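Colleague: What shape does this take:
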Amino acid sequence: MLSFRQFFILSEAFDTVTEFMLNPQNSDKTYEELINDFEASGGEILGSGSYGIVYHHPSWPYVLKVFSWDDPYLKFARYAYTNPHPSFPKFYGPPQRVVPQYQRYRDEAKQYLARIEMLEPAPPEVFRSMDTDGLLYFHYKKNPGAIKNRVEYMKLSSKMKALPKEMYNLYEGLYIIKTNITSTPDLHEGNIMMRKDGQYVWIDPVWEGPDGTGNPLTAAMTSKDLDQPTLKGGRVKPVRYPIQ
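Modeller: Model (predicted):
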């Protein structure tokens, strides 16, 4: 059982990310020892994956993601920081390259940390309701010369403009990701969260893998599919790929 004084000292020690990751006093501590202290002071690990871990502490106005060997996410974080969009996370500064004190002189010591706004889980039905209509709409909006069937395009445009702004922004953000960051976004419901104002946010929609996956929406994100012969004459309707 920690005394109030012990808790205060530990809490104070983790007031900043610098204290957490780079405090020279932690040089002799193992990662497990540091995490024990971190959790004793009120901090918690919110999640982890193949390349990173997300931390939060009551004294931080953000969450901290520490990652390594994840070039796609680093590219996304840098892009989102310099090109803000309603559906991108807000970063407290650009991603920072660090060598944590507890990993100095060890293999794979160099890591990155990113300070990211606090978000809430989004309802899973948000992702399940998505199809490729949004990407087709922004594709033709960006390339109006490709539109051959104005009637079908106007129907698609009306559908998109009728969406709540939270969903419209989410589709637009996905199109930006697809055209500026990666041709194969990593799409699943766990990569969408939301702000308290209701805006949905892509938190980690990138990966490094082959074109096409078992996910029908991800498989439809390749450039050749975006340029498919839909909306180009006759009574052909847009091909939709609902998420199962």
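Colleague: In three-state terms, label Gly47 for me.
Modeller: Secondary structure, DSSP: H, G, I helix; E, B strand; the rest coil: Gly47 is strand.
Colleague: give the contact list for it.
Modeller: With contacts defined as CB atoms under 8 Å, 6 or more residues apart in numbering, the neighbours of Gly47 are 53-54. Every C-beta, even on glycine, is put in place using the N, C-alpha and C of the backbone.
Colleague: State the distance from the residue nearest the centre of the chain to Met194.
Modeller: Central residue of the chain (CA atoms, centre = their mean): Ile203, 1.8 Å from the mean position. According to CB to CB, to the nearest Å, Ile203 stands 10 Å off from Met194.
Colleague: got the phi/psi numbers for Tyr171?
Modeller: Here is the backbone geometry of Tyr171 (degrees, to the nearest 10): phi -60, psi -40.
Colleague: what's around it, how many residues?
Modeller: Neighbour count for Tyr171, taken as other CB atoms under 10 Å: 22.
Colleague: close enough to count as contact, it and Tyr137?
Modeller: Yes - at 7.4 Å, Tyr171 counts as touching Tyr137 under the criterion of CB atoms under 8 Å.
Colleague: List the residues that are in contact with both of those two.
Modeller: Counting by CB under 8 Å, 6+ apart, the residues touching both Tyr171 and Tyr137 are Met160.
Colleague: For Gly93, which non-adjacent residue is closest in space?
Modeller: Nearest non-adjacent residue to Gly93, counting by CB to CB, 6 or more residues apart in numbering: Arg115, 6.1 Å away.
Colleague: Checking my notes, the one you found in a helix, right?
Modeller: No - counting by three-state DSSP, Arg115 is not found in a helix; it is strand.
Colleague: who's in contact with it?
Modeller: So Arg115 contacts 17, 60, 62-64, 91-93 (CB under 8 Å, 6+ apart).
Colleague: what are the bridge partners for it, then?
Modeller: Note on Arg115: beta-bridge partners by DSSP bridges are Leu64.
Colleague: Tell me the spacing between it and Val99.
Modeller: Counting by CB to CB, the gap from Arg115 to Val99 is 18 Å.
Colleague: separation between the residue nearest to Gly93 and Lys65?
Modeller: Counting by CB to CB, the separation of Arg115 from Lys65 is 8 Å.
Colleague: thinking again about what came up before, what's the overlap in contacts for Ile203 and Met194?
Modeller: Common neighbours of Ile203 and Met194 (CB under 8 Å, 6+ apart) are Leu119.
Colleague: Could you list the domains of this structure?
Modeller: 9-118, 124-226 (automatic domain parsing).
Colleague: tell me the mean pLDDT over the last one?
Modeller: Spelled out, that is domain 124-226. The average pLDDT within domain 124-226 is 85.
Colleague: now the first one
Modeller: Mean pLDDT, domain 9-118: 80.
Colleague: Distance from the chain centre to the host helix or strand of Glu152, please.
Modeller: When elements are assigned from DSSP states H and E, Glu152 belongs to helix 150-161. Using CA atoms, centre = their mean, to the nearest Å, the mean C-alpha position of helix 150-161 is found 29 Å from that of the whole chain.
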